[in-house]
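Chemist: Next comes the sequence, and after it the predicted model I'd like to discuss.
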Amino acid sequence: MLKSLMVAKAKEELEQEILLKEEEKQKYLAEKSPSLNISGLSLAQLQDLCRELHSKIDVVDEERYDIEAKVMLNTREIKDLNIKVLDLRGKFKRPNLRRVRVSADAILRSLLGSKHKVSMDLRANLKSVKKEDTEKKRPVEDSDWRKNVEAMSGMEGRKKMFDAAKGSAQ
């Protein structure tokens, strides 16, 4: 109930403001542009009146252009000052970036243009490695570790390991 009353009151005030602005506009226009009496004027007088109106239009257009230029300059200056303030604060609003999957071909096409048809096969330049080569490089003992558990247990086993390591190092 209260909300609807407030909305109704605000609507009435808005309508009153619109009417008041329209009245002010009419008053201003009545002051600045008096009504024209063209009836009973000769051709020369009408031409003089047209020239006078054109000169007034030119003056108004020049003023409008100057004001627009000042506004554009001020808005540009405001933007620059806002950027300086953000720089001094050190806080930058960073947009949320989305992860985009792009293939290498698409990247090259965007960089080189659509004229160049370049396909990039990344696997073509890789060196092929055979599994046999890797096995030859790392000889693995196929002995069972359970056979040596009892022989290596205790202090004697540790001494054997120590001696074996010492012998292979020399």
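Modeler: Sure, I can see it.
Chemist: Can you check which helix is longest in this protein?
Modeler: When the chain is parsed with DSSP state H, its longest helix is helix 43-89.
Chemist: immediately after it, which helix or strand?
Modeler: Later in the chain than helix 43-89, the nearest helix or strand by DSSP states H and E is helix 104-112.
Chemist: Dump the C-alpha coordinates for that following helix into CSV.
Modeler: The C-alpha trace of helix 104-112 is given here as CSV (Å, rounded to 0.1, in the frame of the first residue of the first chain):
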residue,chain,number,x,y,z
ALA,A,104,48.0,-23.5,-34.7
ASP,A,105,46.6,-23.2,-38.2
ALA,A,106,44.1,-20.6,-37.1
ILE,A,107,46.8,-18.6,-35.4
LEU,A,108,49.0,-18.6,-38.5
ARG,A,109,46.0,-17.7,-40.7
SER,A,110,45.2,-14.7,-38.5
LEU,A,111,48.8,-13.6,-38.4
LEU,A,112,49.6,-14.1,-42.1
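Chemist: List the buried residues of that helix.
Modeler: Within helix 104-112, the residues scored as buried using 16 or more other Cβ atoms under 10 Å are residue 109. The way it works is simple: take the backbone N, C-alpha and C, and place the C-beta from them, glycine included.
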